[in-house]
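Colleague: Model the structure of this input:
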Amino acid sequence: MELQFKSVSGKNNVGDFTWIHQSGRQALIADMVSGCDVNKGLDLLTSWLAVNQTSEPFKACDMINELHDLFRAHEVQSTLGVITQQSTEFELCLVGNNRLYKVAQCVEQLEEIGNEIHPTSVVGSQCAPDIQFKSLPVDPLAKFILTSDGLNSAHMCSLSITSDSLNSGQLYHKLLPAVCDNDWSALVFPMSETQSFVNQHWPYNPFVGPQEDRLHERRGLSQIATELFKQPIFDGFRIVSCPPILSENSSRLFDGLLIYPFGVIPLELKDHHGAITIDMGTNKRNSLLVDNDIGRRFFANPATKLREALRRFGDLPQLKPLMPELKNTGLVVFTSANVDVTCLFEGQSTPSPFMQAGEVLVSTSAQLSDVLLKFCRARFGKKTKPRLTESEINQLVKDLTLLPTQQLQDVITVGDYEVELAPIDAESTDYFTVYSARLFNEKVWAKCFELDHLSAVHRQSELKSLGREALVLKRLSRVEGVQRYQDKELVDDRFYVFVEKAPDTNLEDWLQRNPSRTERLNLLIELAGTLEEIQSVGEPEVIHRAINLSNVRVGQDGKPVLINFELCQQEMVATLPLNARRTFDQKYQAPEVNEPGQSLTFAADVFSLGVITFYVLSGRFPFEQSAKELVTKGRRRGFWQQICEQLELPTENAEFWQRILHITPKYRPAIKQVMEVLEAWK
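Modeller: Numbers count the residues shown, from 1 in each chain. A predicted model of the protein is given here:
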C-alpha cells in the first residue's frame, strides 16, 4: 500500500493538527476552536490516537463521536475532518468549516460541504456533531486539498498550481500565498496511485507480464500503446516486461520491450518536464540537461544507457536468430505533457523526434507513432512490409518472458568500493539492503536503497529523503559513539550509503552475557552521553527516532555505538514510505514517532532511552505490548513506585520514570537531567 496523503502546516502553528494513520489509508485534520484550552485539546487528541490506533483505519463516524465525548468532558472544541481511502474513492467525514478543493489544471473549491465562516457544529460542543459526508471518486488527473480556515478560499482559487505541480513537493511554498492566519494546515491527496492504465477502448491488451511498479512508467507505456494502435502497420505489437541485461558492474533493466512487426526495441521512459537537452554524441553518463521550475540540473543520459545495454541485448539466445536490423535499436520516450526536447548531435541542435544517431531514437509520447513509422520506412523501404509474422511475435514474447535469470558476478564496483552481491540478511530490512563492501583493506557496510520513482519530479525529493542518513552522519562526524559515514553513490535506480561496519554484538546479545549492574549503568551513561552530543550539534535538531536494542551495538571496549540513522528526522520531513515505517519497533518508540508526517522533538529519543534503561536494568519492558498501555497503567495509584521497587531503586525516583515515559513530549526530562539521574544510581 502506498501512502495517499501529504500534510503541510504553518511553521508557527499552534492550534491546527494533522495526522496520518500508520496504514497510509486514513488522515485527519483538526482545528482547535479559539477560546478553549488549545494545548489540552491537542494533548487529548494525540493521546487518544496513540492509545486507540491499530493496524486498520478507524471507522470515521465512531472516531468522531468518541472524540466528541472526550472533548466535551474536558471542555475543549475542534473542527475535524477524516479522510479514508476505499478501493475506488475517498470518503470524507467533516465536522465544522474545513474547506475542500479540487485541483486539476486549476484550483476549484467544492462548496457544498464545510463552507462556513463560523461553524454551527464542532466536536466537543454541547450538541451532537453534525457530520457531513462526501465521496470523492479517484481521478488520475486530479488531486484534492482539505484545509483549515487558516487558508483564504479566494486566494486558494487564484493559486497557479495544477495536479501535476503538486507532485513536485514544496507544498508549503505553493500554499503560502493563500495563508491568512498563522494557524493553518492542509492535507493533499491522493499523492500516489496504483491503478492500471490499460485502456478499455483498445482492440486488445498489448501488455505481457506485470506492469511496471512506477506510476509514470505505467502511464508512459499506456501512452505508447495508444499511439501504436493508431498505425495499422503495427498491428500485433506487444509490450513485454523486460528481463535484466547485464553490464560489467550492474544489472540493467529497461522500462519495457516493444515487440512489433519490425523487430524488438528496448524502451527507456523519462518523466522530466521543462526544457530538456540530450547529448546524443557522447558516452558521458550525466549528459541530460533538465531546465525547469525545480532548477537546472544534469541527469543520467538514457541514450548512453541504451547504447551500453544494446551491445549485450542482441546477444541474448532468444534474439540470435533475428537479423541485426531487427534488434539493434533503442527508443527513449519523454512522457510528460509539458516537455520540450532538444537533441545535440555532431554540433547541431535538433528538436525531437530524433533518429539521426542510428541506434537510439528519441521522441515524446505524442510523436512516437510518427517517428517509428518514419524510422521503419527509412530502414525497410517506403512499401514497408512486416518482418515478423504474428506467430513469430508471439514466440518472441513467450521466449523473452521465460528468459532464465542469468548468474550475476559475486562482486560489483560502486564508486571506489567493491560491493559483495550476497546481502547481509540479519542487517537488512524492507527499506534497505545491507551488503559487505571493501575500500582497499577496510571493511564497511553498503546500505542500498531502491528508488521508487524514475520521475524527475519525485526523484529529487526521494533522494533527499534517502540521503538523510549521509547528511546527518556528516554532521555527527565528531560525536563519539555514532556509526561513521564513509561515502554515497547513485547507480541507476539504487542509492548506496557507505558506513562503518557496525560491531556484531547488539545490546540484547550483550545483556545475555549477564554484565554487572555497574557495567549496565556505565553503558547507559555512555549512550546518554552520545545522545547529549547529538543534541548539541545545533539546528536543525537531529532525532534518531529508531533507538532500540538492535540499533545499539556494543564494541569490544564495552562502549555503545548507535547505528542506522536512515529513519532520523531533521525538523519536518516528508512522510516515510510504508516499507520504512515497518522498520520501526514500536516497543521502544515514543507514541508521536508512529504518527506519519508529524514533527518531532528530541524528547522522542529521550523516551526510547527510558524504555531501554528499564530493559537493561530489569530484562523486561514496563508494558506488555506497546507504550500505549502506560496511558492507562500510569494513572493507577502506586504504579510508578512499583516500577522503582522492581528496579531496586528508591521510590523517590517515581517522578523520573513518570516523566521519561510520559506520552506527551513536553513533560519528559532533558537528556542532561537523565544523565544526572543515571550517575546518581551508581
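
Colleague: quick check, residue 642 in a helix?
Modeller: Yes. Under DSSP: H, G, I helix; E, B strand; the rest coil, residue 642 falls within a helix.

Colleague: To what extent is it buried, counted in neighbours?
Modeller: 14 (other Cβ atoms under 10 Å). For glycine as for every other residue, the C-beta is placed from the backbone atoms N, C-alpha and C.

Colleague: From residue 326, how far out is it?
Modeller: 79 Å (Cβ to Cβ, to the nearest Å).

Colleague: what does residue 353 give?
Modeller: Per Cβ to Cβ, residue 353 is found 21 Å from residue 326.

Colleague: swap in residue 107?
Modeller: As for residue 107, its distance to residue 326 is 50 Å (criterion: Cβ to Cβ).

Colleague: Show the subsequent helix or strand relative to the longest helix belonging to the chain.
Modeller: Counting by DSSP state H, the longest helix found in the chain is helix 517-535. Counting by DSSP states H and E, the next helix or strand C-terminal to helix 517-535 is strand 542-543.

Colleague: Residues contacting that next one, please?
Modeller: 472, 475-476, 534-535, 568-570, 600-602, 604-605 (Cβ atoms under 8 Å, 6 or more residues apart in numbering).

Colleague: now these: which count as buried?
Modeller: 472, 475, 476, 534, 535, 568, 569, 600, 602, 604, 605 (16 or more other Cβ atoms under 10 Å).

Colleague: Local confidence estimate at the fourth one?
Modeller: Just to be clear, that refers to residue 534. Looking at residue 534, its pLDDT stands at 91.

Colleague: I'd like the distance from the longest helix of the chain to the chain centre, please.
Modeller: Centre-to-centre, helix 517-535 and its host chain are 32 Å apart (Cα atoms, centre = their mean, to the nearest Å).

Colleague: Report all helices and strands that it contacts.
Modeller: Other elements packing on helix 517-535 under the criterion 3 or more Cβ pairs under 8 Å, 6 or more residues apart in numbering; DSSP states H and E are strand 560-562, helix 603-618, helix 671-681.

Colleague: For residue 295, which of those is the nearest?
Modeller: With Cβ to Cβ as the criterion, residue 295 lies closest to helix 603-618 of the helices and strands packed on helix 517-535, at 32.9 Å.

Colleague: Show me which residues of the closest one are buried.
Modeller: Going by neighbour count (16+ other Cβ under 10 Å), the buried part of helix 603-618 is 603-617.

Colleague: Return the residues in contact with the residue nearest to residue 682 when sequence neighbours are not counted.
Modeller: Nearest-residue entry for residue 682: residue 521, 5.3 Å, with adjacent residues in sequence omitted and distances by Cβ to Cβ, 6 or more residues apart in numbering. By Cβ under 8 Å, 6+ apart, the contact list for residue 521 reads 617, 678, 681, 682.

Colleague: Please apply the same query to residue 610.
Modeller: Residues counted as contacts of residue 610 (Cβ under 8 Å, 6+ apart) are 657, 660, 661, 668, 674.

Colleague: Kindly report the same for residue 600.
Modeller: Taking Cβ under 8 Å, 6+ apart as the test, what residue 600 contacts is 543, 545, 569, 590, 592, 593, 665.

Colleague: neighbour-wise, which of those leads?
Modeller: residue 590 (29 neighbours).

Colleague: Looks like residue 151 contacts residue 183 (just checking).
Modeller: No. Here residue 151 lies out of contact with residue 183, judged by Cβ atoms under 8 Å, at a distance of 10.4 Å.

Colleague: out of the two, which sits in the more crowded spot?
Modeller: Neighbour comparison, residue 151 and residue 183: the larger count goes to residue 151, with 23 against 20 (by other Cβ under 10 Å).

Colleague: Who does that one form a beta bridge with?
Modeller: Taking DSSP bridges, one obtains residue 179 as the residues bridged to residue 151.

Colleague: Throw the buried ones among the contacts of strand 542-543 into CSV and include distance to residue 99, thanks.
Modeller: Below are those laid out as CSV (distance: Cβ to Cβ, whole Å):
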residue, distance to residue 99
472, 37
475, 39
476, 42
534, 40
535, 39
568, 34
569, 29
600, 28
602, 35
604, 32
605, 37
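
Colleague: I'm done for today, thanks for sticking with me.
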